[in-house]
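*Asks:* pasted the sequence and its predicted model underneath.
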Number of protein chains: 2
Amino acid sequence: MRFRKLNYFITVAEELHFGRAAARLHIAQPPLSQQIKAIEDELGAVLFERSSQKVSLTPAGEALLPQARALLQNWEKIQEQVRSVANGTAGNLSLGFVWAAGTPHFSKGIAQFKQDNHGVTLNLEEMTTAHALDALRTEKIDLAMIFLNPLMDITDLEHQEYEIQKHLLALPDNHPLAQKDSVPLSDLHQLPFISFTRQAHPSLYDQIMHSLHAAGVEPNIVQIARLTQTTRTLVAAGVGVALVPESTQFDQREGLTYRPIDGVLPELAIHFVWRKNSLTPLMERLITHLHAQVLR
Amino acid sequence: MRFRKLNYFITVAEELHFGRAAARLHIAQPPLSQQIKAIEDELGAVLFERSSQKVSLTPAGEALLPQARALLQNWEKIQEQVRSVANGTAGNLSLGFVWAAGTPHFSKGIAQFKQDNHGVTLNLEEMTTAHALDALRTEKIDLAMIFLNPLMDITDLEHQEYEIQKHLLALPDNHPLAQKDSVPLSDLHQLPFISFTRQAHPSLYDQIMHSLHAAGVEPNIVQIARLTQTTRTLVAAGVGVALVPESTQFDQREGLTYRPIDGVLPELAIHFVWRKNSLTPLMERLITHLHAQVLR
DNA sequence: ATACTTAATATGAAAAAGATATCATGCGCT
DNA sequence: AGCGCATGATATCTTTTTCATATTAAGTAT
């Protein structure tokens, strides 16, 4: 697909000499004459005025020349773009991620990736694990960063670990438990407790509840849809305490303090997740890049 | 030049099925697979994800599809345009014409031609015969409408008659000669006389002078560069009389009157003139059109 | 006229594209 | 699990297209 004939035409138009043009094209003169004639027949328009003395463009040829050049140039650009997309240095990518993934190193990683890949458009959307899985399967997003654990049925998906966070207990400054350096799990018994809904991160929710139960803790739960800004506002307001991912502490807030938990709680494993066979070079590059940010 | 491979790609992308695509393209499936592979090799990018169960576009293919469609559409447009230029229903044409050609039927003809040929851009410029010939030879214009007579050396040009005009004598209203219905040539003897310069229309000038001389008229000449508006202003102001082409009378003016000449004067033959071998279909159409306007 | 340049034509060779037959793979269905 | 069906890939041969060589035709310059 070299647009042979079009190139032949352009070369003859540039040289205005079949012999020289043929030489430049590394073919003999007769086939060049034939090909030009073929183009003329196809277009139904004579492009060159030939005499044995000189060759010149007809108005039709004059009209075609710049257009033909533009077309070829266009094709070059298209090729480059397609190659870029194939290499992952260009393209679009929609990423759904749980709020806990939004750490400073995540933001920095995204910003740098965008800078290093000017051709790439990233579509970022914060969502719950459940929503992200649905969005993945309905192809609304290409890649998710969500809480993953062994209980989930994701045989239709592939994944790779991003990072593992610990739980922290978020407390109002003046809470009695804030006196301790670390809080035993059992101290949470009967405490007013703010948690995300089971709907949002079902299996994580179940795991946490199971752990609490095992520690003999029967929390007094106030449910909210997502672990976001709202959780911290409620905790700071003294509505209750909350188990939050450690990344939350990056977001300091007046009247709010964090303490490590002493006891067995499930891992907060955030994974990259994508549909099987949908891993593009671009996604691969983004995953590698973000993962590298975590490790340093 | 049917952009075979690009079309193959598009068809497969549309059908997402090599067999059906091949059928639509009236070729067998194996060569289609080969050609697609050839494109992929050339681009260095896999465009389709194949399984025995279904075919789908990769991001690279997704990127190429609209571009490829646009490219082909572009090519269609280019072809049409080139054909239009070849047919003379589109293109550019620069026309240089002497002032005398600017009759009402000329203007009407031009206006109508433009209306009937929307793709055509006409470049009109009023110029002298001498200037027009130079502009023709230096390819500044494509076609001229000028005073032509047998004395001129135009072996490098071709021409066709446009129209032949008679001379009229332009007089101030109150001039004594305005009393007569027609003016004998000999009456012009020693009269103040306004004429274009020899430079402007050399051989016409010579012919007119020769005719005057033959009639024993020795005019008293005030020369101006061109026979335009200015001539009539000068005549109306009583500076002198002038021999003008009959087309001038279409432009009525206060204090100015025209009388036929009684005597032998050269023909005022306005011809289309163009370079040899430069007669394009567009020029041909314009010439035919304008000529038809004269005859009715 | 004669030599020279240049594009067109004729004919056969090489390369590219296509057809037919066959294989490999994966899925659904008993 | 095994069989049939659908689908794309591979191998090999045929056809078509493109190209090269030799030659011709036409026009210019000497």
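*Replies:* Right, received. Where do you want to start?
*Asks:* low-confidence stretches in chain A?
*Replies:* Low-confidence segments of chain A (pLDDT under 70): A:225-227, A:296.
*Asks:* strands along that one, start to end?
*Replies:* Using DSSP state E, the strands of chain A run over residues A:48-50, A:55-57, A:90-97, A:119-126, A:143-147, A:157-165, A:167-172, A:183-184, A:192-196, A:220-224, A:241-245, A:256-262, A:268-275.
*Asks:* who wins for proximity to B:Leu16 among those strands?
*Replies:* Nearest to B:Leu16 among these is strand A:268-275 (17.3 Å), distances taken as CB to CB. (C-beta placed from N, C-alpha, C; glycine too.)
*Asks:* burial of the closest residue to A:Asp206 other than its chain neighbours, as a residue count?
*Replies:* Computed as CB to CB, 6 or more residues apart in numbering or on different chains, the closest residue to A:Asp206 that is not its neighbour in sequence is A:Leu151, at 6.8 Å. Look at A:Leu151: counted by other CB atoms under 10 Å in any protein chain shown, it has 12 neighbours.
*Asks:* show me what contacts the residue nearest in space to the middle of chain A?
*Replies:* With distances taken as CA atoms, centre = their mean, the residue of chain A nearest its centroid is A:Leu93 (3.9 Å). Counting by CB atoms under 8 Å, 6 or more residues apart in numbering or on different chains, A:Leu93 touches A:120-123, A:142-143, A:280, A:282-283, A:286.
*Asks:* repeat for A:Gly263
*Replies:* A:184-186, A:211, A:215.
*Asks:* which one of these sits closest to B:Gly44?
*Replies:* The closest of the contacts of A:Gly263 to B:Gly44 turns out to be A:Ser211 (CB to CB; 51.3 Å).
*Asks:* mind checking how far the closest one is from A:Leu171?
*Replies:* As judged by CB to CB, to the nearest Å, A:Ser211 and A:Leu171 stand 19 Å apart.
*Asks:* between those two, which has more neighbouring residues?
*Replies:* Legend: neighbour count by other CB under 10 Å for A:Ser211 and A:Leu171, higher for A:Leu171 (25 against 18).
*Asks:* that one touches A:Gly255, doesn't it?
*Replies:* No. If you go by CB atoms under 8 Å, A:Leu171 and A:Gly255 don't touch, sitting 9.8 Å apart.
*Asks:* and the residue in the stretch 51-200 of chain A that chain B sits nearest to, how close does it get to A:Glu80?
*Replies:* Per CB to the nearest CB, A:Ala86 is where the stretch 51-200 of chain A lies closest to chain B, at 3.3 Å. Note on A:Ala86: its distance to A:Glu80, by CB to CB, is 11 Å.
*Asks:* name the residue in these two with the higher neighbour count.
*Replies:* A:Ala86 (25 against 13).
*Asks:* name all residues that make contact with the nearest residue to the more buried one once chain neighbours are set aside.
*Replies:* Excluding its sequence neighbours, the residue lying closest to A:Ala86 (CB to CB, 6+ apart) is B:Ala45, at 3.3 Å. With contact taken as CB under 8 Å, 6+ apart, B:Ala45 is in contact with A:82-83, A:85-86, B:58, B:60.
*Asks:* try it again with 10 Å
*Replies:* If you count contacts by CB atoms under 10 Å, 6 or more residues apart in numbering or on different chains, B:Ala45 has them with A:79, A:82-87, A:281, B:39, B:58-61, B:63-64.
*Asks:* quick check on it: phi, psi?
*Replies:* Note on B:Ala45: its backbone torsions stand at phi -150, psi 130 [degrees, to the nearest 10].
*Asks:* surely A:Lys77 and B:Gln67 touch.
*Replies:* Yes. Contact criterion CB atoms under 10 Å: A:Lys77 and B:Gln67 qualify, at 8.5 Å.
*Asks:* neighbour count: these two, which is higher?
*Replies:* Set A:Lys77 next to B:Gln67 and count neighbours by other CB under 10 Å: B:Gln67 wins out with 17 against 11.
*Asks:* the more buried one and B:Lys5: what is the separation?
*Replies:* From B:Gln67 to B:Lys5 the distance is 14 Å (CB to CB).
*Asks:* how about A:Phe196?
*Replies:* For A:Phe196 relative to B:Lys5 (CB to CB), the value is 53 Å.
*Asks:* out of these two, which sits in the more crowded spot?
*Replies:* The neighbour comparison of A:Phe196 against B:Lys5 (other CB under 10 Å) goes to A:Phe196, with 24 against 15.
*Asks:* please state the offset of the lengthiest helix in chain A from the chain centre?
*Replies:* The longest helix of chain A (DSSP state H) is helix A:59-87. Centroid separation between helix A:59-87 and its chain, computed with CA atoms, centre = their mean, to the nearest Å, is 30 Å.
*Asks:* relative to strand B:90-97, how tilted is that helix?
*Replies:* 140 degrees (axes from the mean of the first three to the mean of the last three CA atoms, to 10 degrees).
*Asks:* list the contacts for A:Met127?
*Replies:* When contacts are counted by CB under 10 Å, 6+ apart, A:Met127 touches A:95-99, A:133-135, A:140-141, A:144-146, A:200, A:226.
*Asks:* equivalent analysis for A:Glu15, please.
*Replies:* By CB under 10 Å, 6+ apart, the residues touching A:Glu15 are A:21-25, A:55.
*Asks:* what about DNA strand C: which of the residues you listed touch it?
*Replies:* Counting by CB under 7 Å from any atom of the strand, A:Val55 from the contacts of A:Glu15 sit close to DNA strand C.
*Asks:* which of the contacts of A:Glu15 count as buried?
*Replies:* Buried subset of these (neighbour count, 16 or more other CB atoms under 10 Å in any protein chain shown): A:21-22, A:25, A:55.
*Asks:* walk me through the domains of chain A.
*Replies:* Listed by automatic domain parsing, the domain ranges of chain A are A:4-86, A:91-164+A:269-295, A:167-264.
*Asks:* which one of the strands of chain A lies closest to DNA strand D?
*Replies:* For the strands of chain A, proximity to DNA strand D was assessed by CB to the nearest atom of the strand; strand A:48-50 is nearest, at 9.8 Å.
*Asks:* who are the packing partners of the closest one?
*Replies:* helix A:4-15, helix A:29-43, strand A:55-57, helix A:59-87 (3 or more CB pairs under 10 Å, 6 or more residues apart in numbering or on different chains; DSSP states H and E).
*Asks:* how about JSON lines for those, with distance to B:Pro192 added?
*Replies:* Formatted as JSON lines, those follow (distance: least, CB to CB, whole Å):
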{"stretch": "helix A:4-15", "distance to B:Pro192": "58"}
{"stretch": "helix A:29-43", "distance to B:Pro192": "61"}
{"stretch": "strand A:55-57", "distance to B:Pro192": "51"}
{"stretch": "helix A:59-87", "distance to B:Pro192": "49"}
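*Asks:* format the ones you listed as JSON lines; extra columns: distance to DNA strand D.
*Replies:* What follows is the helices and strands packed on strand A:48-50, written out as JSON lines (distance: least, CB to the nearest atom of the strand, whole Å):
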{"stretch": "helix A:4-15", "distance to DNA strand D": "6"}
{"stretch": "helix A:29-43", "distance to DNA strand D": "3"}
{"stretch": "strand A:55-57", "distance to DNA strand D": "13"}
{"stretch": "helix A:59-87", "distance to DNA strand D": "16"}
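*Asks:* nearest to B:Gln35, of these?
*Replies:* With CB to CB, the closest approach to B:Gln35 among the helices and strands packed on strand A:48-50 belongs to helix A:4-15: 15.3 Å.
*Asks:* which bits of the stretch 51-200 of chain A sit near DNA strand C?
*Replies:* So far as CB under 7 Å from any atom of the strand goes, the stretch 51-200 of chain A lies against DNA strand C at A:52-53, A:55.
*Asks:* that older thread, just say which of the strands of chain A is most tucked in.
*Replies:* strand A:143-147 (a mean of 27; mean count of other CB atoms under 10 Å in any protein chain shown).
*Asks:* quick revisit: how near is the residue nearest to A:Ala86 to B:Pro172?
*Replies:* 83 Å.
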